[in-house]
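Q: Please find the sequence and the predicted model below.
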Amino acid sequence: MEVSLEELQEKFQHLQEDLIPKMAKRMELLAGAVETEAKKNCTLGISPYDWMDFPSKLGAPGAPYSVDKNPKREVEHMRDEMYSGVTVDGNKVEGYVGNPKAYALAVHDGTGVMRKRPFIFDAIVAKRDATWDGIAAVIIQNCQDQCV
């Protein structure tokens, strides 16, 4: 069977257009898995940063960063504010994970007086293989659906 260049280009265009909503749906799940991992990284008792001893983390009374010294300090845990989602812009599908807490960036990246605890970055690394596998599965399934 002979296929013209135009027919082949049209087929690839259709494959790509069909792939975008499928990829967005899968990316929601994959970003959610990273969010869950990031929440674990912020949970006392299972966090990989539990060995780090910070008065602010422990909330020790009288500590320089404790709630009793700074009434404006947010007491809700940043793990409870974690979010994830997906954006689609044309042919571009992006998953994201974030945290709106004012102090989240300082915790994640560290400061001059506090070691970094990259809870989101480490979650991305931990879920990297599963994310790539999920992306590949959608692409393969889409090709099989369209080409068979």
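A: Perfect, thanks for sending it.
Q: isn't H14 right up against C143?
A: No - counting by CB atoms under 8 Å, H14 stays clear of C143, with 11.4 Å between them. (C-beta placed from N, C-alpha, C; glycine too.)
Q: Helices of this structure, residue ranges please.
A: Under the criterion DSSP state H, helices of the chain are mapped to 5-41, 55-58, 104-109, 119-126, 128-147.
Q: Test for you: state the pLDDT assigned to D80.
A: Looking at D80, its pLDDT reads 82.
Q: what sits against Y49?
A: By CB atoms under 8 Å, 6 or more residues apart in numbering, Y49 lies in contact with N41, R117, F119.
Q: ok, now with 7 Å
A: When contacts are counted by CB atoms under 7 Å, 6 or more residues apart in numbering, Y49 is found next to R117.
Q: tell me the phi and psi of it?
A: phi -100, psi 10 (degrees, to the nearest 10).
Q: and the gap between it and I124?
A: As for Y49, its distance to I124 is 16 Å (criterion: CB to CB, to the nearest Å).
Q: Kindly report the same for K92.
A: Distance of K92 to I124, computed by CB to CB: 18 Å.
Q: Tell me which of these two has more neighbours.
A: Neighbours per residue, other CB atoms under 10 Å: of K92 and I124, the larger number sits with I124, 16 against 9.
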